[in-house]
Structures are given as C-alpha cells and as structure tokens.
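Student: below are the sequence and a predicted model for it; my questions follow.
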There are 4 protein chains.
Amino acid sequence: MEKKLVVKSSVKDENLIEKRREQMIRGAVKLFRKKGFHRATTREIAKEAGFSIGTLYEYIRTKEDVLYLVCDNIYNKVLNRLNGSLDQEGTVEGIRLAIAKYFHLIDNMSDEFLVMYQESKSLPKDALGYVLQKEMEMVALFENLFKTCARSGELRITDEELRIAANHIVVQGQMWAFRRWAFDKDMTIEDYIRIQTDQFLNGIVREREEIR
Amino acid sequence: MEKKLVVKSSVKDENLIEKRREQMIRGAVKLFRKKGFHRATTREIAKEAGFSIGTLYEYIRTKEDVLYLVCDNIYNKVLNRLNGSLDQEGTVEGIRLAIAKYFHLIDNMSDEFLVMYQESKSLPKDALGYVLQKEMEMVALFENLFKTCARSGELRITDEELRIAANHIVVQGQMWAFRRWAFDKDMTIEDYIRIQTDQFLNGIVREREEIR
Amino acid sequence: MEKKLVVKSSVKDENLIEKRREQMIRGAVKLFRKKGFHRATTREIAKEAGFSIGTLYEYIRTKEDVLYLVCDNIYNKVLNRLNGSLDQEGTVEGIRLAIAKYFHLIDNMSDEFLVMYQESKSLPKDALGYVLQKEMEMVALFENLFKTCARSGELRITDEELRIAANHIVVQGQMWAFRRWAFDKDMTIEDYIRIQTDQFLNGIVREREEIR
Amino acid sequence: MEKKLVVKSSVKDENLIEKRREQMIRGAVKLFRKKGFHRATTREIAKEAGFSIGTLYEYIRTKEDVLYLVCDNIYNKVLNRLNGSLDQEGTVEGIRLAIAKYFHLIDNMSDEFLVMYQESKSLPKDALGYVLQKEMEMVALFENLFKTCARSGELRITDEELRIAANHIVVQGQMWAFRRWAFDKDMTIEDYIRIQTDQFLNGIVREREEIR
DNA sequence: TATGAATGAGATTTCATTCAT
DNA sequence: TATGAATGAAATCTCATTCAT
C-alpha cells in the first residue's frame, strides 16, 4: 500500500500548516473551477487564500503541490463521509442508500469534483499514482458493498461484472456533476438518483428476480 | 442551429489547408495526449506536424485554434461514422449494434477521445459552445434511436429516462477510454460491450419483458 | 479636464515605483534617441535601466507604457519649469524672458524633446489624447502670456494671430532641437534666441510701434 | 554633390518599374499615414499596391526601400513644382508668391508630408543622408530667394538671419500639416498664409521700411 | 513567519524575406 | 514577371520561484 505523499513545508507549527492549507485549498478550488489549473497563477491562489505569494511558498514547494493538496483533500473528504455511513449488511436497500449518499455528496461538492476530475491529469507522476489509488479505493468501496450482496445472495453477478458495476456507479455520480447541462433544467438530484438507481438495479438484480 | 466556426488561414489553397491541418491535428493529438494542451508548445506542435513554427501560424491564428481543430475533427469523424451506420428500424437489436459500433469507435480513437474530453474545457467560449453542440448531437443520435424503439413499443421508457439513457451510453463509452485502468487487464472491448449492453438493456427493457 | 492616466504597476511601494520608473525613463530616452521606439526592445530598455526584463514588467503593463511615461515625464518637467518662472506682468520684456527660458529648456533637454516629438505618434489612442492635451497646455502658456500683453496694450494682435503666434514660438523652439544641423555649426543657443525673438517681436509688435 | 541613390530591382523593364513603384508609393503613403512605417507590414503594402508580396520584392530589396522611395518621391515632387514656379526677380512680392505656392503645396500633399517627416528617421543611414540633402535643397531654394532680395536691397538681413529665415518658412509650412489641430477649425489655408506671411515679412522687412 | 520585489526561462506570435513554381 | 507558401529570428509578455528584509 502506497504511503501518503507529504507536501513539504518550511513552517513547523502543524496547526498553522493545517489552517493555511485549508485557506489555500478553498481559494484554489474556486480559482481552478473558474479558470482551470494552468490559467490560475500562484499569485492569484495566494491572494484568493488571503495571504502573500511568499507565504504561499512557505507551505508548498511547487504549484503542483496545490493541485495535489486539493485532490487529496477532496478524496479524503468523500471517502470519510462515505465510509462512515455505509452499512455493510449486504442488502439491496443498503446499496440504494449508499448510491444516494454518494450522489448527494457529489451534488454538494460538485465544484470540487469538477476540479479534481478535470485537473488531476496535470499532477506529477507520483501524485497522480497516489490519487489514482484513492479513486480505486472509492471504487472498491462500492465493489465490496456489491460483493457482500453477491455473497449474501441478494445479487447474482460475476466478479467481472462486479468491478464494472462499481465503476459504473462512480461514473454515473460524476455524470451528474459533468453533464447536468444535458438534462432537463428542472430535474432534481432526487429524480436523478431515483432513475439511475432503478436502471442500475434493474440491470443488475434482474437475474435474481427472474428466479423468483 | 449554430454555424460551423471557421479558423482563418492566410493560405489560399484549400487543398493545402486541408492537408496541413491534417498533419497538424495528427501531431497535436499525439502531443496533447502525452503532455496535455497547456504543456505542449506551439513549436512542438509545428515540429511534430512536420513544419516550421511560421508555417503553423499560416494555418491558424492562435494556439487555441489547434485545440478547436482537433475537437471539431474528432466529433465530425465520430458523428459521420456513427450516422452512416445506424439503422433506424427501432429494434433492440438495432440498439445493440449501435452501442457496439460506438464503443468500437471509441476503442479505435481512444487517444483522440481522451484529448477531447480532457482538454476541450480550455477552448475559448465560442468554440466551447460549438463543441458542446456536437456533443449534444451525439447524445441526440442515441436518444432518437431509443425514441424510435419506444414508439415502436420495443422499449417502455419515459422521455425523461430516455434522455438519461442516451447520456448513459455516451458516458459508458467514454468510460472505456478513461477508466480502462480500472478493469481487468485482460478484459477486451468485446467483453466490455457485452457486459455494458446487457446491463443497460436489462435496466431499460425489463418492464416490457416482464409483460411477456 | 482630462484625468491623469495611470500606468498600473504590480509593485506596491510608491517610492520604489518612482525610483524604478526614473531609471526606466532615463534608459528609454537614451535608447529611443538612438534607435527609435520601435527598434528598441523591451529587453534593451530593461538592461539600460539596470534591471531584468521581469522587473521592467513589474512597473509597466506594455511597451507603450514606457513611451507614455517618457512623454508624460518630459511634458511635466517642461511645464513645471516654465510655469514656475513666467511672470505675467504683460510686458514685452516678459515675453522675451519666457521665450529665452523655453528655448534654453529645449537646449538642455533636446534628447527628450526629440524622442517625444518623433515617437509620441506611436502612443495608444488614449495616451495620445492625454499628451496632446499637455502640448496644448504648453501652447496655452504662451497664448496667455501674449493675451496679457495684448490686453495691457503692449501688443496689438488679433485673437486669431495670438493662437498662431503661440504655436509659432512652441514650434521655433522645437526647430532648435530638430534642425540644428541646418544652422551654422558655431551658432549658439544664445544667437538663436536673439534672432528668433527679434524676428518674432518685429513681426508682432510692429504695428504698435508704428503708432508711436 | 551626392548621387541619387538607386533602389535595385530584379525587373528589367524600366517602364514597368516606374509603374509598379508608383502603385507601391501610393499604397505605402496611405498605409504609413494610417499606422506608421513600423506597424505597416510588407504584405499590407503589397496588397494596398495591388500586387502580391512576391511581386513587391521584385521591385525593392528591403522594406526600408519603400520608405526611401516614398520620401524621395515626395521631395522630388515638391522641388519640381516649387522650382518651376519661382521667379527670381528678387522682390518682396516674389517672396509672397513663393511662400503661398509652398504652403498650398503642403496643404495639397499633407498626407505625404506627414509621412515623410514622421517616418524618415527610420531610413537607413545612407538614405537618411540623401533625404536630408533634399531637405537642404528646399531650404536653399528659399535662402536663395531671400538672398536675391537682400542683394537687390529689398531686404536688409544678415546672412545668418537669412538661413534661419529660410528654415523658418520651411518649418511654418510643415506646421500647417502638423498642427492644424491647434488652430481654429474654420481657419483656411488662405488665412494661414496671409497671417504667417505678414508676420514673417514684418519681422524681416521692417528695418528697410523704417528707412523709408 | 510573513512579505513582496526581483528574476529569467520560456511561451506565443509576428513578419521581413526567400524561392520554387 | 508574378505568385504565395515557407521560414525562423526576434519581439513582447508571463509567471513560477527565490530570497532579503
């Protein structure tokens, strides 16, 4: 398992680091959302964060560090919130809840998601690997959920399909952030969740139902 | 309906323009794929295309023009190929074939797709609008296909679901390009098509089958 | 009355701005004098000013800003010096002194004058307007001087002639900077002042003298 | 006496050269007037002249050649027209006529004059010298005129003043082209000629008149 | 710890000039 | 003679990063 990457800071006070990076991330997300990583300058990031360019560089080493901090932060937030609220009872209802939870999360953090998925490709190799791993953790979360269901007999699904199904859910979630423009103006996240979940479960649960 | 955007060239010979832009696009895709739009320099693009920086600028006005040409080119290729081969009989089998066709297209042009979806956000406003419109055309292609099926009674699906389903297919196709790393190393595009199509149709066709 | 145009700087320290721009202007005048505005590069300007190209652009926004700073600076210097030393008693002797003062100024700042009059046409629209206004102020200085004399009865001259006469003096001053090559090598600025002033006053004062 | 500079052409036919250069000069004056020598591109000059960039370079060697041709052309036109119409009787009336003639010329060719005086500084050294010489010829024209008058006793004026007076007239003419903005909107060239001539002659003729 | 002025490598773009057709 | 595509040196301007205060 890969170790968490550490962004070097020349400041010692851990609390201060935490605080400043919080500011930095908030500002960066706003900026990256508006103009993308490459068009946002470090000066602008510092300004948006509320301190000077000099101070910014006390807490990071390169501009890419900012992007990494942003991505890392988002993944951790998502994983924490999801993890903390998924029951693993292995029921279809549990899956429904997990999907709803995840989709709502995306709806609330859509700026962050957009930034992360549009800009993470600009991360340096090592950071990219680390972030990819986070993404895999997220997929694994659903994969395990489905696996439990499969083991418990609630779903009949091959391992191959399982992996794809998990990716499917993760991607459908992103789709809400990325392609909202493609849907009816008055479609709510609730509508979206209902429709996606139904279609998804229909596609997956069917065989079992056929058995009935 | 929006008019096709035109990239100004100071060269008059239309055939030459076509030829040079072909070279340019080929080189640009390769480069953008490797380092992204922002890190690829115009000099590199020219070199990769096989001519001098001065010549490059005889055929475009700004670097963003290159990106636009790339995106426009890809969409047109995809739309042409898809359009030319979709029957509109309104059968589930027709849908299967269309999906397969589209997914194969993506498999063949995955570099192009990746570039387009990762970089198109860097287009200037007007070009972005034009490209978005192309994306909607692609979605509409599937939407119409499904609508024909729905009308013919092959699918029972609301208009709301129809739109989402079409987006779903378009996105699942992109998923093959974007997340291949998440799937088993030895999963083939054929496997992927089979699994996705089955799950998709299960999710959508079911109700009708239930009727049977 | 038009407001003074402001050249934006990303440096905050006002004193530093003043100092650096002083350096910049000195270097620019030297260079523009030698090769003209268009042939002088920003790199050369920076070098001549004694700092790097990056630093140069901390204090201006475009190359044209340099030209504007140069022109603005010269006009202000001239206007200040002239303004501070013109008595407005409305005597012919006062006019003599003013002309001498102005011609000496030009003799001392001929490089600056040459640059300003040869290059100001390259200013952007708004700056050009501002500079033109300065030129009009200079003309107005003499116009008022003459008007006072006319009112006091020292000169008999129509308003129409007054305006022309003021321009005449301004232009004769420039002529010393622009056409020194056309005069005898050993003509001094004193000679020039004497001859020009005599001819000018003869042309203008005569009628009144005739009356005597 | 300096020899006329020759601009090399790779075309042999002298008539064609003449014709093409005529076109070129007309186009160039128009362009230089609008955007100045440096901002006008050779492509634009060619286009304005009515032929291709390739053709342009059949008739000149460098862009500066165009400027030289323009300046040379203007001076020759002016000198020819002036020369052909100056009587040398050595009367004050003759001077009046010469001045009027010259000022009218400038009024008719003010675009050309503006271009010449604003851009000639961009000529290469040798061409600059040649053009300067033309300027001196023009001054000499008036100088001689005045000298004849002085010899004939119509003017009492020293040689030193003579030179300056000739320059004065040449410059006052230019002033009409350069500073028309400074004069009343409804001042005509006739008004200007009258006023300038009167003031000038007053300044110069006075002593003699006093004798009367 | 915080600041922000200084730096210079590097990016995009222009344009005079050439030369094959 | 006429054309215009190709060239690449050179110009302007940006911006991540450093470092003295």
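Tutor: That came through, no problem.
Student: show me the shaky parts of chain A.
Tutor: For chain A, applying pLDDT under 70 flags the ranges A:1-3, A:88, A:205-212.
Student: if we ignore the residues flanking it in sequence, what's nearest the spatially most central residue of it?
Tutor: The centre of chain A sits closest to residue A:75, judged by Cα atoms, centre = their mean, with a distance of 4.9 Å. With sequence-adjacent residues excluded and distances taken as Cβ to Cβ, 6 or more residues apart in numbering or on different chains, residue A:75 is closest to residue A:134, at 3.9 Å. Where you see a C-beta, it was placed from the backbone N, CA and C, and this is true even at glycine.
Student: secondary structure element for that neighbour?
Tutor: Per DSSP states H and E: residue A:134 is located in helix A:125-151.
Student: and what of residue A:187?
Tutor: Per DSSP H and E, there is no helix or strand for residue A:187.
Student: pretty sure residue A:114 contacts residue A:178?
Tutor: Yes - assessed by Cβ atoms under 8 Å, residue A:114 is found in contact with residue A:178 at 7.1 Å.
Student: mind giving me the domain split of chain A?
Tutor: A:9-61, A:64-211 (automatic domain parsing).
Student: most packed of the ones you listed?
Tutor: domain A:64-211 (a mean of 18; mean count of other Cβ atoms under 10 Å in any protein chain shown).
Student: chain center to that one, what's the gap?
Tutor: 8 Å (Cα atoms, centre = their mean, to the nearest Å).
Student: do it and DNA strand E meet?
Tutor: No - counting by Cβ under 7 Å from any atom of the strand, DNA strand E has no neighbours in domain A:64-211; the shortest distance is 14.4 Å.
Student: next one: stretch A:17-35
Tutor: Yes - contact of stretch A:17-35 with DNA strand E (Cβ under 7 Å from any atom of the strand) involves residue A:20.
Student: give me the contacts around that stretch.
Tutor: A:9, A:11, A:40, A:44-51, A:55-56, A:58-60, A:66-67, A:69-70, A:73, A:111-112, A:114-115, A:119 (Cβ atoms under 8 Å, 6 or more residues apart in numbering or on different chains).
Student: go again with 6 Å.
Tutor: Outside stretch A:17-35, the residues within contact range by Cβ atoms under 6 Å, 6 or more residues apart in numbering or on different chains are A:9, A:11, A:40, A:44-45, A:48-50, A:59, A:66, A:69-70, A:73, A:111-112, A:115, A:119.
Student: residues contacting residue A:115?
Tutor: A:29, A:32, A:33.
Student: just give the nearest non-adjacent residue to it, would you?
Tutor: residue A:32 (4.5 Å).
Student: in what helix or strand does the one you found lie?
Tutor: With DSSP H and E as criterion, residue A:32 is part of helix A:14-39.
Student: what angle separates that helix from helix B:14-39?
Tutor: 180 degrees (axes from the mean of the first three to the mean of the last three Cα atoms, to 10 degrees).
Student: contacts for the next helix or strand after helix A:14-39?
Tutor: Using DSSP H and E, the next helix or strand after helix A:14-39 towards the C-terminus is helix A:42-49. Identification of contacts with helix A:42-49 by Cβ under 6 Å, 6+ apart yields A:23, A:24, A:27, A:28, A:31, A:52, A:53, A:56, A:63.
Student: helix A:42-49 near DNA strand E at all?
Tutor: No - shown here: helix A:42-49 not in contact with DNA strand E (Cβ under 7 Å from any atom of the strand), separated by at least 8.0 Å.
Student: that helix and DNA strand F, any residue contact?
Tutor: Yes - with Cβ under 7 Å from any atom of the strand as the criterion, DNA strand F is reached by helix A:42-49 at A:42, A:43.
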